[in-house]
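Novice: The sequence and its predicted three-dimensional model are supplied below.
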Amino acid sequence: MLQCYQDYTVWQKAMDLAETIHMITLRLPIEERYGLSIQMRRAAVSVPSNIAEGRGRKSDKEFCHFLYISRGSVFEVETQLRLCVRFRYLEQEAISEAMDLCKEVGKMINSLINKLHI
């Protein structure tokens, strides 16, 4: 088993996702600065944060619990990205990289949950 949360590829990819979402939110209209923008950032930051916190708990059961929370945050980010397109704040092409990262991170979280599940 890996020793530190930073060793997990899923955590590294989740960090990439959080950075990508941060950059995307800089392109949203000013009126969304304290609305959708902040929600997207918080959800994206929650993904690697919960992976780290869960790993720090030192029990597979607790780690798995935090991975489920992290996975929920990935779904939240995906939904918020889709809303940006529906609200016509961004074009579909502008969110494609982030959507791909969401899918990748989600699959990696699912895989880790399946490995840990007791």
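Specialist: It's in.
Novice: which intervals of this structure have sub-threshold pLDDT?
Specialist: Scanning the chain for pLDDT under 70 picks out 1-2, 118.
Novice: Can you list the residue ranges for helices in it?
Specialist: Using DSSP state H, the helices found in the chain span residues 9-25, 36-56, 60-86, 92-116.
Novice: right, so of those helices, which gets closest to residue 3?
Specialist: With distances scored as C-beta to C-beta, the stretch of those nearest to residue 3 is helix 36-56 (9.3 Å). C-beta here means a position set from N, CA and C on the backbone, and glycine is covered the same way.
Novice: That closest one vs helix 60-86, what angle?
Specialist: On the basis of axes from the mean of the first three to the mean of the last three C-alpha atoms, to 10 degrees, helix 36-56 is oriented at 160 degrees to helix 60-86.
Novice: what packs against helix 36-56?
Specialist: When contacts are defined as 3 or more C-beta pairs under 8 Å, 6 or more residues apart in numbering; DSSP states H and E, helix 36-56 sits against helix 9-25, helix 60-86.
Novice: Out of those, which one sits most buried?
Specialist: Each of the helices and strands packed on helix 36-56 was scored by mean neighbour count; the highest is helix 9-25, a mean of 19, by mean count of other C-beta atoms under 10 Å.
Novice: Just send the helices of the chain back as a markdown table, with distance to residue 3 too.
Specialist: Converted to a markdown table, the helices of the chain look like this (distance: least, C-beta to C-beta, whole Å):
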| stretch | distance to residue 3 |
| --- | --- |
| helix 9-25 | 13 |
| helix 36-56 | 9 |
| helix 60-86 | 13 |
| helix 92-116 | 15 |
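Novice: quick revisit: just put the helices and strands packed on helix 36-56 in JSON lines and tack on distance to residue 41.
Specialist: Compiled in JSON lines, those are given as follows (distance: least, C-beta to C-beta, whole Å):
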{"stretch": "helix 9-25", "distance to residue 41": "6"}
{"stretch": "helix 60-86", "distance to residue 41": "10"}
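Novice: Cool, thanks, signing off.
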